[in-house]
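In: would you be able to build a 3D model of this:
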Amino acid sequence: MRLTQGHDAPPRRGGFTLLELMVVVGVVAILALMALPTYQDKIVRDQIAEALPLADLAKAPVAAAWAATQSFPADNAAAALPPADKIVNNFVRSVAVENGAIHVTFGNRANGQIKDKVLTLRPAVVEDAPVVPVTWVCGAAPAPDKMTVKGENRTSIPAAFLPFRCRA
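Out: Here you go, the predicted model:
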């Protein structure tokens with residue numbers, strides 16, 4: 001026989017109350033909002049990384065011109081490349097060579113944060129040793145020791161989106 005005081009209370013069932021569920025949903029929502037900007041930045045960085053191999057098309061002719069003549073091609077035609085607006089992919093609108101520097105302009109389906117922005121790859125050389133191969137300096141990165149960087153840096157992508165090797 002069971003002794004009770006007052007009313008018989010129904011037995012409590014296992015599970016969560018509405019208040020506990022609301023707290024969990026709130027915590028998950030806060031965590032998702034904190035992670036969203038990081039995820040969006042990763043998407044932009046991935047688009048930049050995917051565009052860099054397109055610049056490789058221009059690297060070989062520019063380096064060959066330096067090895068042969070100790071000067072850099074003035075433009076795409078001088079480097080025997082198609083016009084800048086013909087070197088494209090999903091995220092790149094054009095790849096232009098200007099005095100040896102390679103300017104990759106983002107467009108097409110690129111994220112709005114880098115659309116119409118430019119990433120520059122500049123050749124670095126040892127001027128008095130032409131047999132030393134051309135090294136490429138990305139964005140605002142410093143030149144390697146004893147090398148001189150040629151061409152203008154027109155990088156306009158915010159530093160937070162640049163690959164680490166392209167930052168100052």
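In: please count neighbours and contacts with C-alpha atoms only from this point.
Out: Noted.
In: OK, contacts around Pro83?
Out: Asn76, Ala77, Ala96 (Cα atoms under 8 Å, 6 or more residues apart in numbering).
In: just checking, what packs against the worst-scoring helix or strand of the chain on mean pLDDT?
Out: When each helix and strand of the chain is scored by mean pLDDT, DSSP states H and E, helix 18-69 comes last, with a mean of 87. Helix 18-69 sits against strand 92-98, strand 101-106, with contacts defined as 3 or more Cα pairs under 8 Å, 6 or more residues apart in numbering; DSSP states H and E.
In: next, Leu81: secondary structure please.
Out: At Leu81 the chain is in coil, as set by DSSP: H, G, I helix; E, B strand; the rest coil.
In: can you select the buried ones from the contacts of Pro83 in PyMOL?
Out: Selecting only the buried entries of the contacts of Pro83 in PyMOL, with 16 or more other Cα atoms under 10 Å as the criterion:
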select buried, resi 76+96
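In: quick check, nearest of the contacts of Pro83 to Gly151?
Out: Taking Cα to Cα as the measure, Gly151 lies nearest Ala96 of the contacts of Pro83, at 12.2 Å.
In: got a list of what the closest one touches?
Out: Asp75, Asn76, Pro83, Ala84, Asp85, Ile102, His103, Val104.
In: list the beta-bridge partners for it.
Out: His103 (DSSP bridges).
In: that one and Asn153, how far apart?
Out: According to Cα to Cα, to the nearest Å, Ala96 and Asn153 sit 13 Å apart.
In: that older thread, out of the contacts of Ala96, who's nearest Thr135?
Out: Of these, the one sitting nearest to Thr135 (Cα to Cα) turns out to be Ile102, at 12.7 Å.
In: pretty sure the closest one sits against Ala58.
Out: Yes: Ile102 is within contact range of Ala58, at 7.2 Å (criterion: Cα atoms under 8 Å).
In: which one of these two is surrounded by more residues?
Out: Taking neighbours as other Cα atoms under 10 Å, Ile102 and Ala58 compare with Ile102 leading, 29 against 23.
In: that one - nearest residue in space that isn't next to it in sequence?
Out: Leu121 (5.1 Å; Cα to Cα, 6 or more residues apart in numbering).
In: you'd agree the one you found is up against Ala141?
Out: No: Leu121 lies out of contact with Ala141 (Cα under 8 Å); the separation is 9.7 Å.
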